[in-house]
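J.: quick one, what's the 3D model for this:
(chains A, B, C and D)
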Amino acid sequence: MSAINEFGVILLSAVLVNNYVLTKFLGICPFLGVSGKTETAIGMSFAVMFVMTLASTASWLVQEYILIPLDLLYLQTIFFILIIATLVQFIEMMIHKVSPVLYQGLGIYLPLITTNCAVLGVALLNVQQENTFMTSALYGFGAAVGFALVLVLFSGLRERMEGAPIPDAFKGSAVTLITAGMMSLAFLGFSGLVKV
Amino acid sequence: MIKSFLNKLGFASARFAGGITPDMCKWTESSAIEDCPLPPLFIVPIKQHIGQACTPLVQIGDLVLRGQKIAKSEGYLSVPIHAPTSGKVIKIEEHAIPHPSGMGLTSIFIEPDGKDVRDTSLIPMDNWQAIDPAELRERVRLCGITGLGGAAFPTFIKLLKDKRNPIETVILNGVECEPFLTNDHRLMLEHSDEIMHGLQIIMHMVGAKKAIIAIEDNKSDAVNAMQQAVSSTGNDAISVASLPTRYPQGGEKQLIESLTGKQVPAGKLPMHIGVLCQNVGTVKAIDDAVMLGHAITDRIITVSGDAAPKPANMRVRLGTPMRFIYAQCGLENFDGIQILHGGPMMGERMRHPDIPVIKSSTGLLAIRDTRMKAVHQVEDPCIRCGHCSEVCPISLVPNLLADHCRNDQLEKAADYDLFDCIECGACSYVCPSHIPLVHYFRYGKGQTAQVRREQSFAEASRLRSESRDARLQREKDEKAAKRRKVRDTLRSESVLNPDNNSAPKSTTKTEGKE
Amino acid sequence: MLIHLSSPHIHSGDSIRATMFAVILALMPAGIISVYLFGWLAVFLILLCMLGCMFTEFVALKWMGRSTAPVMDGSAALTGLFLALTLPASIPWWMALLGSVFAIGLGKQVYGGLGYNPFNPALSARIILLVSFPLQMTTWLIPMHLGVSAIDLYDFSSAWQLFVFGANALPHALDAITMASPLGHVKTEWSQGIGVSEALRAYDYSYLDAFIGREAGSLGETSALALLIGGIYLLARHTITWHIPFSFIATVAVLAAIASMVDPNHYTPPLFHILAGGLILCAFFMATDPVSSPVTPMGQIVFGIGCGIITWCIRTWGGYPEGAMFSVVLMNCAVPLIDHYCRPTVYGKRGSES
Amino acid sequence: MEQLLYATLSLGAFALIAGIVLAIASKVFHIEGDPLSDKIDALLPQTQCGQCGFPGCRPYANAVAGGEADVNHCVPGGERTMLSIADLMGVEPKALEEEESVPVVAFVREDECIGCTLCIKACPVDAIIGAPKQYHTVVADHCTGCVLCLEPCPVDCIDMIQKPELLEHWSWPLPDTERAQLGAERRESHHD
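T.: Have a look, this model is predicted:
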């Protein structure tokens, strides 16, 4: 029971309370870049979920079985980036094969998952928080779900704003950022929901 | 009172979804049908139905009789056109027809001779019970009968006795849910026996076991009249249903849902669920065609509107110019007046009154400019109140759909079921922002059709281009092969003489010039 | 005159202005109760917010070179009224004004004006204020009827004094004129290990008072009775439908009922939840704001349920005592997706398509 | 020193593994052909007119898919084609290079035609029929209006005439209300 409880708390915290985009402000680049259309946003979400979950588990393994035993902690960042880059390359080839349109839609943002700070952030935070293998996998997954949730919600809002007579001064990224800010404020309502 | 309150709360009393209860303005419900005199000139367009246009059979100077076929149908989805009276064909040229574009169509101009002599080549079929349904069906087609409720779909197509889709129920549509219009109402009062007789002919034709005559409860006298006609026939397979007044109950699909609780599946026809729906006016026309051998040359039209001095129900010959009909009702000056062809909910605005009435003309309205402007000129932003989706009889989400149409997002619009829209206008009617939703849907439908046309044209062009490229390639290959052959022979001949090697090159040049 | 006129050519006569004024009318009972509770202060605040919103709208439209006609369509005034009713009576006037500017400027005009704002403008402004000024936004004046307040708000000049110069300018300590709201009280007590029933007894809580509105809280949220009268008027007028209010309140009630059955000492009973805080105000007026809520009935029910769940979770476990406002804005984010996926089945497509 | 060795070795080994995994993946997910250019080709009007600077629609589609050409070169396709290609490619729409023109078809003035068959050879979609020394006729239903037949005609007997507007092809324009018109204008200015 307590294990399930703990897992639930981790998930809830990662998805809502400490949402990577809206409260930690990590991964803003793809959040703004690929939220123009819901379809691409969903594709991006799955890609990030895949990369984030695998990256957090893989980095945990590397940390535990290579870096610590060999006392190579100063190589942490390089290793993690290597892992992430490999995963991203892998998923890029996969998407290109499975859905060329999605591949086009994600465009430059797909290889840029490599530099998505949220992915590296999850890997580093996992290590910092001294999570176990299971909890880091869960934390990575939760963070990705949180990222996916706000990305998809945000894409819906942006699609709705597409036909709106937005004043010229606010067109484009201005209104997008205001909306993101508003969402972030609303997510503050979740603060304190889970004590982590 | 309670009922209207419940309606307001969203508990619809009719069984189809949505719907509205506009002010019905049935000002002419107690005026008997008058005969409209013959105009000095008839303008008969060669297409008065949904489907392919007809080909004129007459030439300038020909004398025609009333009911004589003057244009023959082309293709399956088409019915012939008949002369509205006896007279002379004076010209055949393009003339504006009742169409929202204001565009024209080839029309046959007939000057009446005043004698109004009927063509009697079609003999009455008094013994219709003994006649094969297929023969009756051909009669209905020959007499040019289309649905007279406004859509003008060729009637004979629906009267098919099909073993795979047997018709169980015939629904007689006397709902007339459009405001202002009373032509069906008067017809049911004054010609209930003919309608009843026509209904029995139809039941014989399609082999239906029962029939329902549907009338809205704001026409209680018509309900009584039809009930009397039913009891006089003694046929207990026919019943009269009085339905609560609610627009667009008269829509075929909505009426079927109201009466049977069944929905016509998307992309299917009523006959696929064993139902045949006919307008009362159409049934009367069928009775005339079978019992008298009369082709359709006239119809009942309601002339009304706040700018019509003497609203009336009139029996009007097809091809009579609107200006002439309005004049009969005392309206001659059209300044500051808009004219509508059809009812106010689905009718089209005509740009001028010199347009003839056709088989689909249910009513002619004259509405003051100021009133039209109040409805049409303003468009406020959508506040997403959702009233439009509440009243939509087919459960669309009109405001989102209109957004997609306005933004030219045609694929999205199709995904939001644009093509299921019946353009009843209930959404535009209730919209607090006065958004012309139906107009956006029509725009979206037109644009989609355009895109599809362009796509199929592009596809055909691609095929032609590819086959041309293939042909050119083949020709080139053949020539090359021939050349190689020639070269080979040359080479074998001059294997000891290297000077001849330039020969193939010159061959290429001459070939290229050809 | 226009060339292409598509049918229909008649109209029901409904308009945006009529809708907006109906909602303003429906909020009048709550406004009257707020005047009863907070005297002139309520009048000042409501007027300030309404005028502030209308003025902001006017300036924004002028600035963008658009027609200023929408200022008078009642939507800006309504936003101001909404905002005022969610504010505590003791809020400094400049904060209320700032809120009005945020509501219309950032909440509405930035998105292109009426009909395009994804979030409820009044609630976005309130959240901005709550996050920026947490203390002032959760300080509740003692309502007048309790007779224990050290200041007479029915007296114009002393109310004006408080309104213009703020609570700190008063000779009394702030404590003498403020108290906790029921929700905040229960939450604080629980954090100190005091159970629900004991906390409520200490608060002298009565369901009847809460229903009528005789309790601490923001201007317009206290009286369930007044809000229900307005809500029923809107339902009868068909300005709103039952879907959102019902699903919203029912969800909170069901969650509260289950939780209080499991541990009545920790979780407050459903009726307390319904009457407390801004739930009824949000359910009948804020969540049903047509522009920022879903269009389809199905979507509205989903929206209401989502609001209910978030409200109850924040109230029960969250850092803020009241979650109704947050829940509405959070669900506003999801409206485009709800609209997309909760469309009704079109005629003739039942069961035939996925 | 030993540390450095471990570091180099482990990192090198790890990179090697990653490299092998990716190499295998690139074999597994190898892509035949270019499905994207097929999709673009399907959006083009197939006039084969060459106004885009490429010798036909397919070559242009290939160029766009390969990122060698912009999305706004198709003149006969007009704004809608440009928008849908931009949408497919996920790039910002661009203004068309030339004004959209009304749809036209070629028409041969038969009394002047000398029957040289040059236009027949030039027509990319075989829309002109006729034999040597006979009048040639344009099949209007097949003509794409590409104007490629004008140039080779030695006697200049081919006209481009406007396509007649058919009643069945008429469609409702946008409403005349200010809001609808503003929307249309906004949409147009958006691409400039």
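J.: identify the residues contacting stretch C:57-66?
T.: With CB atoms under 8 Å, 6 or more residues apart in numbering or on different chains as the test, stretch C:57-66 has contacts from A:Pro167, A:Asp168, C:Ser67, C:Thr68, C:Pro70, C:Val71, C:Ala76, C:Ile104, C:Gly105, C:Lys108, C:Gln109, C:Gly113. In this view, the C-beta of every residue, glycine as well, is placed from N, C-alpha and C.
J.: tell me the one of those nearest B:His82?
T.: The closest of the contacts of stretch C:57-66 to B:His82 turns out to be C:Ser67 (CB to CB; 55.0 Å).
J.: against C:Gly112, how distant is that closest one?
T.: Look at C:Ser67 and C:Gly112: by CB to CB, to the nearest Å, they are 13 Å apart.
J.: what about C:Phe156, distance to chain B?
T.: 38 Å (CB to the nearest CB, to the nearest Å).
J.: which residue packs closest to that residue, ignoring adjacent ones?
T.: Nearest residue to C:Phe156, sequence neighbours excluded (CB to CB, 6 or more residues apart in numbering or on different chains): C:Trp40, at 5.4 Å.
J.: pop the domain breakdown of chain D in here.
T.: Using automatic domain parsing, the domain parsing of chain D gives D:36-89, D:102-164.
J.: what about the strands in the stretch 101-250 of chain C?
T.: For the stretch 101-250 of chain C, the strands defined by DSSP state E, counting those that start in this stretch occupy C:140-141, C:178-179.
J.: need the winner for burial among those.
T.: Mean neighbour count (mean count of other CB atoms under 10 Å in any protein chain shown) peaks for strand C:140-141 among the strands of the stretch 101-250 of chain C, with a mean of 24.
J.: what mean pLDDT does that strand have?
T.: Averaged across strand C:140-141, pLDDT comes to 84.
J.: other SSEs contacting that strand?
T.: The contact analysis (3 or more CB pairs under 8 Å, 6 or more residues apart in numbering or on different chains; DSSP states H and E) places strand C:140-141 against strand C:178-179.
J.: for the strand it packs on, which strands pair with it and how are they oriented?
T.: strand C:140-141 (antiparallel) (DSSP bridges).
J.: please compute how far the partner strand lies from its chain's middle.
T.: Mean C-alpha position of strand C:140-141 versus that of the full chain (CA atoms, centre = their mean, to the nearest Å) differs by 17 Å.
J.: now do the contacts for C:Glu189.
T.: Residues near C:Glu189 by CB under 8 Å, 6+ apart: C:Gly195, C:Glu198, C:Ala199, C:Ala202.
J.: just the closest of those residues to chain A, please.
T.: The closest of the contacts of C:Glu189 to chain A turns out to be C:Ala199 (CB to the nearest CB; 19.0 Å).
J.: I'd say D:Val104 and D:Lys163 touch.
T.: Yes: using CB atoms under 8 Å, D:Val104 is in contact with D:Lys163, at 6.3 Å.
J.: need the residues touching each of these two.
T.: Common neighbours of D:Val104 and D:Lys163, using CB under 8 Å, 6+ apart, are D:Gly145.
J.: these two - which one has more neighbours?
T.: Between D:Val104 and D:Lys163, D:Val104 has the larger neighbour count (other CB atoms under 10 Å in any protein chain shown), namely 17 against 14.
J.: how about the residues of the stretch 151-300 of chain C by chain B?
T.: For the stretch 151-300 of chain C, the residues in contact with chain B (CB under 8 Å from any CB of the partner chain) are C:235-239, C:241, C:290-291, C:293, C:295-297, C:300.
J.: which residues touch B:Met205?
T.: By CB under 8 Å, 6+ apart, B:Met205 lies in contact with B:Pro133, B:Leu136, B:Arg137, B:Leu159, B:Lys161.
J.: let me redo that: C:Ser181
T.: C:Ser181 makes contact with C:Thr138, C:Trp140, C:Glu215, C:Ala216, C:Gly217, C:Ala276, C:Gly277, C:Pro321, C:Glu322, according to CB under 8 Å, 6+ apart.
J.: also B:Gln200?
T.: B:Thr233, B:Asn235.
J.: so it versus B:Val223, what's the distance?
T.: In terms of CB to CB, B:Gln200 sits 19 Å off from B:Val223.
J.: before we move on, back to that, spit out the contact partners of the residue nearest to C:Phe156.
T.: Here C:Trp40 is in contact with C:Leu153, C:Tyr154, C:Asp155, C:Phe156, C:Ala159, C:Trp160, C:Phe163 (criterion: CB under 8 Å, 6+ apart).
J.: same check, this time on C:Ile33
T.: Residues near C:Ile33 by CB under 8 Å, 6+ apart: C:Gly213, C:Gly220, C:Thr222, C:Ser223, C:Leu225, C:Ala226.
J.: only whichever of those are buried, select them in ChimeraX.
T.: The following ChimeraX line selects those of those that are buried, judged by 16 or more other CB atoms under 10 Å in any protein chain shown:
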select /C:213,220,222,223,225,226
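J.: next, the nearest residue to C:Met50 once chain neighbours are set aside: phi, psi?
T.: The shortest distance from C:Met50 to any non-neighbouring residue, by CB to CB, 6+ apart, is to C:Gly80 (3.6 Å). Per-residue torsions, C:Gly80: phi -60, psi -40 (degrees, to the nearest 10).
J.: mind checking how far the residue in chain B that chain D sits nearest to is from B:Asp488?
T.: In chain B, the residue that lies nearest chain D is B:Gly446 (2.3 Å; CB to the nearest CB). Going from B:Gly446 to B:Asp488 by CB to CB gives 62 Å.
J.: and those two? Which one has more around it.
T.: Applying other CB under 10 Å to B:Gly446 and B:Asp488 shows that B:Gly446 carries more neighbours, namely 16 against 11.
J.: now for the residue nearest to the more buried one when sequence neighbours are not counted: which residues touch it?
T.: Nearest residue to B:Gly446, sequence neighbours excluded (CB to CB, 6+ apart): D:Ser171, at 2.3 Å. When the contact criterion is CB under 8 Å, 6+ apart, the partners of D:Ser171 are B:Arg442, B:Tyr443, B:Lys445, B:Gly446, B:Gln447, B:Ala449, B:Gln450.
J.: got any ranges where the chain has weak pLDDT?
T.: Since no chain was named, I'll use chain A. Counting by pLDDT under 70, chain A contains low-confidence ranges at A:1-2, A:107, A:195-196.
J.: please go with chain C instead
T.: By pLDDT under 70, the weakly predicted segments of chain C are C:1-3, C:146-150, C:167-176, C:351-354.
J.: domain ranges for it?
T.: Using automatic domain parsing, the domain ranges for chain C come out as C:15-178, C:182-215+C:240-340.
J.: could I get the ones you listed as a markdown table with distance to A:Phe90?
T.: Shown next, in a markdown table, are those (distance: least, CB to CB, whole Å):
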| stretch | distance to A:Phe90 |
| --- | --- |
| domain C:15-178 | 36 |
| domain C:182-215+C:240-340 | 29 |
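J.: and which of the contacts of C:Trp40 is nearest B:Leu63?
T.: C:Phe163 (93.5 Å).
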